[in-house]
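Colleague: give me coordinates for this.
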Amino acid sequence: MVIVTESKALTKPLRDLIHQATGRCDDLPSEEKKSEKELDQDERGTWSSQWDFAFTCVAYAVGLGNVWRFPYLCFKNGGGAFLIPYFFSMLICGIPMFFLEVSVGQYLGVGGMSVVGQLAPIFKGVGYSAIMMVFLENVYYIIVITWTLFYLFNTFMDLPSLPWSDCSKGNGTWATVSCWAPESGIPYAESVAAMHNISEADTETAVEQFWKNEVLHASGGIEEIGEIQWDLFLCLIVAWALVYVFIWKGLHNSGKLLWVCAVFPYIILSILCVKALTLEGASEGLKFLFTPEWERLYEAEVWIDGGTQIFFSYGVGIGSLLALGSYNKFNHNCHRDAIFVCCVNSFTSIFSACVIFSILGYMAHQKGVEVGEVVQSGPALAFLVYPEVVLAIAPSPFWAFLFFIMLLNLGLDTQFSSVESLMTGLVDNWPEQLRPHRKKFTLGMTVFMCLLGLPMITRGGIYVFQLMDFYAASGLSLLWCVFFQTIAICWVFGAKKFYLCIEEMIGYRVSWYWYICWVFLAPAFMVFIFVFYFVRYSPSPWVTITTLPG
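Modeller: Numbering: from 1, shown residues only. Next up, the predicted model:
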């Protein structure tokens, strides 16, 4: 077998690869490797303290994936049924793969596409696929931040109330005849909707119509792209400007600021949670969240969404953790940090889901419908639910401002780390050409990705966004990338070998649980999801969609 790399061709019989996979870490010249890594760290930079890495990982992993994406996937897949594959995947895939990626990045001192190629040259393409996915994620993920900025700016447009507080504020613009806000004090029988013979169950709140008709100006389908929404275009530029200003010197130089970014969302979520739990009907929402619909477990989409949400939420498989880990000092205790960050991440997902579903229970009680029917499932769920609860907390504009600042904080945290992962992967792959011009290269890439996001801020942009969310950096594409990365590191390079490498770094031997998950359980679970998906295949609803998704 001839393994071709960019610098040389290595002729290695298959038996040598098997020996490599089962060999010991101390086969490598560790002292020489440590010395080389220290020299490279001086050039690349490292975290200024051991806690910078942990808080940056929290800021990266705890983001819109927890507060925005997790609740809407949970709602879409029947509440409690979604939690079963989610927690199963967390235990045998999520935490072990998070630990593996951070360890690999720390051990090699490089990030992105070059990592897998160094450990297993024949699988270098896995690095390229990961860098492509993080590139696509950066393009579409920032659209959620764009929507957040739009709401944040509009918070000040109708003081002392909010623009979405009542249907009358949208007369002649975004409010239609089906708009009725129960909290406005106008009985349904006296509402405009009743006058037009629209049933109470078919009405939409001011929050829903503000989202559809003012934020999105949504068209009838993906075939009607329409014109660019210029207010969203300005928000998109502001979002990318914030990202560039933050990372132009490299994320490792901004550790202390990320401490604040990691803690602030919990303060706001806790306040919203207290209020949400006191709303009438909140218990019905929580019941929907934690009560499984067992028949949903026969649907492939539940397992795909539940299994891969862990990867999406933890940031596994797209190179970001490799990049963040590469800035650690060689002997940093990444084992402790990995467990801590993953537990915080999953706790945040459940915590934010409790807030969301409490409010959904309240909305269902107000409209007199079941929780599963109160709104359409989709990426807009957070923008339909959270603005609803701030209307119930006085003064509404103040709490709306704090909430959207929190959402902006969460989104930017993840976007910072994802763009840093992309830049680190590209710069580390071509260090001589790109490292001296990192700032200019980063600026060029941010402008390029900003331009690629323009189709998603058109009138048909929500449909393009949904296709990107389903296919680009989640679902089967992410699952398949993580699978081959696992095979490359654990089967070709050798899980036992790297298990001993971790001991060399952190100074003690970790549990064999990690080894069993890396070699057997995680790959088997990923293959199971992949096969189950094709056995129970159904096309994505967004390919032929004719109505607005949420």
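
Colleague: drop to CA atoms for contacts and neighbour counts, all remaining ones
Modeller: Noted.

Colleague: what's stretch 373-386 in contact with?
Modeller: Residues outside stretch 373-386 that contact it (C-alpha atoms under 8 Å, 6 or more residues apart in numbering): 67-69, 71-73, 75-76, 207-208, 211, 356, 359-360, 363-364, 367, 403, 466, 549-550.

Colleague: and Ala120, backbone torsions?
Modeller: In terms of degrees, to the nearest 10, the main-chain angles of Ala120 are phi -140, psi 90.

Colleague: residues contacting it?
Modeller: 488-489, 492-493.

Colleague: nearest to Leu324 among these?
Modeller: Nearest to Leu324 among the contacts of Ala120, counting by C-alpha to C-alpha, is Ile489 at 18.0 Å.

Colleague: can I assume that closest one sits in a helix?
Modeller: Yes. Ile489 forms part of a helix when assessed by DSSP: H, G, I helix; E, B strand; the rest coil.

Colleague: okay but it is in contact with Val116, surely?
Modeller: Yes. In this structure, Ile489 is within contact of Val116 by C-alpha atoms under 8 Å, at 7.0 Å.

Colleague: which residue is nearest the middle of this protein?
Modeller: Gly65 (3.6 Å; C-alpha atoms, centre = their mean).

Colleague: give me the number of residues near the nearest residue to that residue once chain neighbours are set aside?
Modeller: Once flanking residues are discounted, Gly65 sits nearest to Ser313: 5.1 Å by C-alpha to C-alpha, 6 or more residues apart in numbering. By other C-alpha atoms under 10 Å, the residues close to Ser313 number 24.

Colleague: which stretches of the protein have low pLDDT?
Modeller: Within the chain, the stretches with pLDDT under 70 are 1-62, 110-114, 183-184, 249-262, 375-378, 537-550.

Colleague: dump stretch 197-214 to PDB, restricted to CA.
Modeller: C-alpha atoms of stretch 197-214 as PDB (Å, rounded to 0.1, in the frame of the first residue of the first chain):
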ATOM      1  CA  ASN A 197     -65.100  33.700  10.200                       C
ATOM      2  CA  ILE A 198     -61.600  32.500  11.200                       C
ATOM      3  CA  SER A 199     -61.800  29.900  14.000                       C
ATOM      4  CA  GLU A 200     -60.000  30.600  17.300                       C
ATOM      5  CA  ALA A 201     -57.600  27.600  16.700                       C
ATOM      6  CA  ASP A 202     -56.600  29.000  13.300                       C
ATOM      7  CA  THR A 203     -55.700  32.500  14.600                       C
ATOM      8  CA  GLU A 204     -52.100  33.600  14.900                       C
ATOM      9  CA  THR A 205     -50.700  35.800  17.700                       C
ATOM     10  CA  ALA A 206     -49.000  39.100  17.000                       C
ATOM     11  CA  VAL A 207     -45.700  37.500  17.800                       C
ATOM     12  CA  GLU A 208     -46.200  34.900  15.100                       C
ATOM     13  CA  GLN A 209     -47.300  37.400  12.400                       C
ATOM     14  CA  PHE A 210     -44.500  39.800  13.300                       C
ATOM     15  CA  TRP A 211     -42.000  37.000  12.700                       C
ATOM     16  CA  LYS A 212     -43.500  35.800   9.400                       C
ATOM     17  CA  ASN A 213     -44.500  39.100   7.800                       C
ATOM     18  CA  GLU A 214     -42.200  41.700   9.300                       C
END
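
Colleague: for stretch 206-224, buried residues please.
Modeller: Using 16 or more other C-alpha atoms under 10 Å as the test for burial, stretch 206-224 gives 206-213, 215-219, 221-222.

Colleague: now swap in stretch 287-307 and tell me
Modeller: 287-290, 292, 296-297, 299-307.

Colleague: ok, Val492 to Lys439 distance?
Modeller: 36 Å (C-alpha to C-alpha, to the nearest Å).

Colleague: okay, the two: which has more neighbours?
Modeller: For Val492 and Lys439, the more surrounded residue by other C-alpha under 10 Å is Val492, and the numbers stand at 20 against 16.

Colleague: gap between the more buried one and Leu108?
Modeller: Distance of Val492 to Leu108, computed by C-alpha to C-alpha: 17 Å.

Colleague: what's the neighbour count on Phe448?
Modeller: Neighbours of Phe448 (other C-alpha under 10 Å): 12.

Colleague: 29 is where my numbering starts, stick with that
Modeller: Sure, I'll start counting at 29 from here, so that last one is Phe476.

Colleague: what is the helix or strand that contains it packed up against?
Modeller: Element membership for Phe476 (DSSP states H and E) is helix 466-480. On a contact count with 3 or more C-alpha pairs under 8 Å, 6 or more residues apart in numbering; DSSP states H and E, helix 466-480 meets helix 152-182, helix 258-275.

Colleague: make it 6 Å
Modeller: For helix 466-480, the contact count by 3 or more C-alpha pairs under 6 Å, 6 or more residues apart in numbering; DSSP states H and E identifies no helix or strand as a packing neighbour.

Colleague: buried residues in the helix or strand that comes right after it, which are they?
Modeller: Downstream of helix 466-480, the first helix or strand assigned by DSSP H and E is helix 489-499. Of the residues in helix 489-499, 489-498 count as buried by neighbour count, 16+ other C-alpha under 10 Å.

Colleague: with distance to Ile534 as extra columns, can I get these in a markdown table?
Modeller: Output for these, formatted as a markdown table (distance: C-alpha to C-alpha, whole Å):
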| residue | distance to Ile534 |
| --- | --- |
| Gly489 | 47 |
| Ile490 | 46 |
| Tyr491 | 47 |
| Val492 | 45 |
| Phe493 | 42 |
| Gln494 | 42 |
| Leu495 | 42 |
| Met496 | 39 |
| Asp497 | 37 |
| Phe498 | 38 |
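
Colleague: of all the residues you listed, which comes closest to Glu218?
Modeller: Ile490 (33.6 Å).

Colleague: please name the nearest non-neighbouring residue to the closest one.
Modeller: Spatial nearest neighbour of Ile490, chain neighbours left out: Met484 (6.2 Å); criterion: C-alpha to C-alpha, 6+ apart.

Colleague: just the buried residues of stretch 315-335: which are in helices?
Modeller: Those of these mapping onto helices are 315-318, 328-335, per DSSP state H.

Colleague: just the closest of the residues you listed to Leu528, please.
Modeller: Gly335 (28.6 Å).

Colleague: the closest one is in contact with Ser117, isn't it?
Modeller: Yes. Gly335 is within contact range of Ser117, at 5.3 Å (criterion: C-alpha atoms under 6 Å).

Colleague: circling back to that earlier point, just the buried residues of stretch 234-252: which are in helices?
Modeller: Here DSSP H is the test, and these give 234-237 as lying in helices.

Colleague: the residue nearest to Gly93 and Leu349: what is the separation?
Modeller: For Ser341 relative to Leu349 (C-alpha to C-alpha), the value is 12 Å.

Colleague: just Leu454 next, same as before
Modeller: 15 Å.

Colleague: between the two, who's got more neighbours?
Modeller: A count of neighbours by other C-alpha under 10 Å puts Leu349 above the other of Leu454 and Leu349, at 30 against 21.

Colleague: so that one touches Val132, yeah?
Modeller: No. Counting by C-alpha under 6 Å, no contact exists between Leu349 and Val132, whose distance comes to 9.2 Å.

Colleague: residues touching Asn105, list them.
Modeller: Shown in contact with Asn105 (C-alpha atoms under 6 Å, 6 or more residues apart in numbering): Val330.
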